[in-house]
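what follows is a predicted structure for the sequence shown.
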Amino acid sequence: YAQFGVAVPTALLKTQRETLRLLLKALLEGIYVIKSRPDVVLKILREEGIEDPRVGKTVYERLAKNLREYPLPEPKGMQTAIDSLALPKARGAQAKDFMDITLLEEIKKSAYIDRLYGKSW
């Protein structure tokens, strides 16, 4: 459920909200760079040992395709992870009870994402 996401304790949302806002903005900017600057991503992949340009291009395309400009968590994926837990406390737990997207919504409402992609509505 957190393949490309961020999971933090609820208490952190209360005590370090501004820090998390900055973290999410950095994540969103990283997604923008991945989607808009393949040259940067391919250079990093080469630095990480992916020398074959065809492999690098395949990795880049898969990554860029799977990242969304507005990366909301997916309740179904989280629910699958929760349901797979063998802990008695996990039985009956609902993914929606562990999700707080308010910071991401605030960032979206501020038009930060739209400005990154040069969109104006």
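Nice, I can see it.

so which bits of the longest helix along the chain are buried?
The longest helix of the chain (DSSP state H) is helix 17-36. By 16 or more other CB atoms under 10 Å, the buried positions in helix 17-36 come out as 20-21, 24-25, 27-28, 31-32, 34-35. Just so you know, the C-beta spots here come from the backbone N, C-alpha and C atoms, and that holds for glycine as well.

likewise for stretch 44-63?
Judged by neighbour count using 16+ other CB under 10 Å, the buried positions of stretch 44-63 are 45, 50, 56, 59-60, 63.

how about residue 45: what's its closest non-neighbour residue?
Of all residues not flanking residue 45 in the chain, residue 56 sits nearest, at 4.5 Å (CB to CB, 6 or more residues apart in numbering).

which residues are in contact with the one you found?
42, 45-46, 50 (CB atoms under 8 Å, 6 or more residues apart in numbering).

check it and give its pLDDT.
At residue 56, the pLDDT value in this model is 96.

keeping just the C-alphas, turn the helix or strand encompassing it into PDB.
Assigned by DSSP states H and E, residue 56 falls within helix 53-66. What follows is helix 53-66, C-alpha atoms only, in PDB (Å, rounded to 0.1, in the frame of the first residue of the first chain):
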ATOM      1  CA  PRO A  53      20.000   2.500 -22.000                       C
ATOM      2  CA  ARG A  54      17.100   0.100 -22.900                       C
ATOM      3  CA  VAL A  55      16.800  -1.100 -19.400                       C
ATOM      4  CA  GLY A  56      17.000   2.500 -18.000                       C
ATOM      5  CA  LYS A  57      14.300   3.600 -20.500                       C
ATOM      6  CA  THR A  58      12.100   0.700 -19.400                       C
ATOM      7  CA  VAL A  59      12.600   1.400 -15.700                       C
ATOM      8  CA  TYR A  60      11.900   5.100 -16.300                       C
ATOM      9  CA  GLU A  61       8.700   4.500 -18.300                       C
ATOM     10  CA  ARG A  62       7.300   2.100 -15.700                       C
ATOM     11  CA  LEU A  63       8.100   4.600 -12.900                       C
ATOM     12  CA  ALA A  64       6.700   7.600 -14.700                       C
ATOM     13  CA  LYS A  65       3.500   5.700 -15.600                       C
ATOM     14  CA  ASN A  66       2.900   4.500 -12.100                       C
END
